[in-house]
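Engineer: turn this into a model:
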Amino acid sequence: MDDLQLNNIQKHWDTLITSAVSWAPRIFTAVVSALLIYLIGSWMIRMIKKLVAKGFKKRNMEASLQHFLLNIINWGLNILLFIVVVTQLGVQTSAFVAMIGAAGLAVGLALQGSLTNFAGGILILLLKPFKIGDFISTNSGVSGTVQAIDIFHTKLITPQNQLIIIPNGVVSNNSITNFTQLGTRRTSLDIGIAYDADLKQTKEVLMKVIQKSQYALAEPAPQVVVTALGDSAINLSVRVSTTTENFWNMNEELIIGCKEALDKAGIGIPFPQRDIHVYNK
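Structural biologist: Next up, the predicted model:
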């Protein structure tokens with residue numbers, strides 16, 4: 001009985017040795033080829049990242065977007081390389097693909113709001129409706145100078161030195177007014193004068209104020225135009241262009257200069273008024 005067991009064990013051992021000897025070249029070839037694929041793939045990933053980084057710099061892409069996209073490319077290529085290496089070793093990759101798909105679906109469902117902001121950040125960084133340093137206004141009434149554009153949020157500094165953080169999904173899905181991008185801004189200063197005033201004289205007086213301004217641009221040409229016959233006054237609009245950085249200085253200068261010039265010329269700026277008629281029977 002003991003001899004029979006020993007013979008069976010010896011047979012199984014011989015079979016194992018024979019199988020190992022027959023499979024050894026295949027296993028060795030698979031391991032060596034997988035190692036070569038890993039080394040060559042890693043080198044190719046580094047070269048691709050360098051080429052992509054150079055391309056981003058030539059296009060003057062935002063630094064935050066460069067960093068993010070390079071990380072996405074790095075992760076994607078490394079996952080692909082891992083799948084190729086594992087396949088070369090003879091492991092079935094369908095389970096890995098299913099796990100990656102399930103994980104992606106779970107993350108997407110859990111982070112729907114964040115993904116909306118993420119997509120908005122990508123659109124802002126790619127399309128560049130504004131950049132750091134621009135003064136913008138959103139249709140929600142928020143205005144300020146852009147301090148930073150992150151992947152999920154945009155940070156604004158208001159003229160009152162307050163920090164406002166806006167989700168990128170809100171910014172990208174709504175209208176934005178960029179006051180800086182074109183380099184110049186044009187005033188639309190409305191002034192009401194009395195009905196008994198001489199309009200031609202008034203326009204000449206206001207135009208002289210514009211000509212004295214150190215900030216006003218000659219092109220496009222400044223204008224003083226009559227816009228409406230109001231209830232209590234004739235409304236004129238003073239329209240002058242200047243560089244973006246001088247806009248508020250010129251706006252204040254024009255308000256003060258126009259008020260002083262009109263007072264000096266004896267042209268009144270009336271208050272709202274009503275005429276009351278009393279009839280006696």
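
Engineer: quick one: low-confidence residue ranges for the stretch 101-250 of the chain.
Structural biologist: 101-115 (pLDDT under 70).

Engineer: for it, what spans make up the helices?
Structural biologist: For the stretch 101-250 of the chain, helices defined by DSSP state H, counting those that start in this stretch occupy the ranges 112-127, 168-172, 199-212, 247-264.

Engineer: per-domain residue ranges of the protein.
Structural biologist: Domain assignment for the chain by the TED database gives 2-91, 129-178, 184-265.

Engineer: want to throw those domains into JSON lines with distance to Gly121?
Structural biologist: (C-beta placed from N, C-alpha, C; glycine too.) Below are the domains of the chain laid out as JSON lines (distance: least, CB to CB, whole Å):
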{"stretch": "domain 2-91", "distance to Gly121": "8"}
{"stretch": "domain 129-178", "distance to Gly121": "4"}
{"stretch": "domain 184-265", "distance to Gly121": "25"}
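
Engineer: now tabulate those domains in TSV and tack on distance to His277 and mean neighbour count.
Structural biologist: Listed next are those as TSV, based on distance: least, CB to CB, whole Å; neighbours: other CB atoms under 10 Å:
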stretch	distance to His277	mean neighbour count
domain 2-91	66	12
domain 129-178	42	15
domain 184-265	16	16
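
Engineer: surely Val85 touches Leu39?
Structural biologist: No: if you go by CB atoms under 8 Å, Val85 and Leu39 don't touch, sitting 10.2 Å apart.

Engineer: residues in contact with the residue nearest to the spatial centre of the chain?
Structural biologist: Against the mean C-alpha coordinate of the chain, by CA atoms, centre = their mean, the closest residue is Ile124 at 2.8 Å. Contacts for Ile124 were tallied using CB atoms under 8 Å, 6 or more residues apart in numbering; they are Phe130, Ile149, Thr154, Asn168, Val171, Ser172.

Engineer: follow-up on the earlier one: between the helices of the stretch 101-250 of the chain, which one is nearest to Leu35?
Structural biologist: helix 112-127 (36.6 Å; CB to CB).

Engineer: now could you export just the CA positions of the closest one as CSV?
Structural biologist: Extracted in CSV, the C-alpha atoms of helix 112-127 (Å, rounded to 0.1, in the frame of the first residue of the first chain):
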residue,chain,number,x,y,z
GLN,A,112,-22.5,64.9,-11.3
GLY,A,113,-22.3,68.5,-10.0
SER,A,114,-18.5,68.4,-9.8
LEU,A,115,-18.2,67.0,-13.3
THR,A,116,-20.4,69.8,-14.6
ASN,A,117,-18.0,72.3,-13.0
PHE,A,118,-15.1,70.3,-14.3
ALA,A,119,-16.4,70.4,-17.9
GLY,A,120,-17.1,74.1,-17.5
GLY,A,121,-13.5,74.7,-16.4
ILE,A,122,-12.1,72.8,-19.4
LEU,A,123,-14.3,74.9,-21.8
ILE,A,124,-13.2,78.1,-20.1
LEU,A,125,-9.5,77.2,-20.3
LEU,A,126,-9.8,76.0,-23.9
LEU,A,127,-12.1,78.7,-25.4
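
Engineer: so which bits of it are buried?
Structural biologist: Neighbour-count burial for helix 112-127, counted by 16 or more other CB atoms under 10 Å, picks out Thr116, Asn117, Phe118, Gly120, Gly121, Ile122, Leu123, Ile124, Leu125.

Engineer: with distance to Phe179 added, can I get those residues in a markdown table?
Structural biologist: As requested, those are exported to a markdown table (distance: CB to CB, whole Å):
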| residue | distance to Phe179 |
| --- | --- |
| Thr116 | 26 |
| Asn117 | 24 |
| Phe118 | 27 |
| Gly120 | 21 |
| Gly121 | 22 |
| Ile122 | 24 |
| Leu123 | 21 |
| Ile124 | 17 |
| Leu125 | 20 |
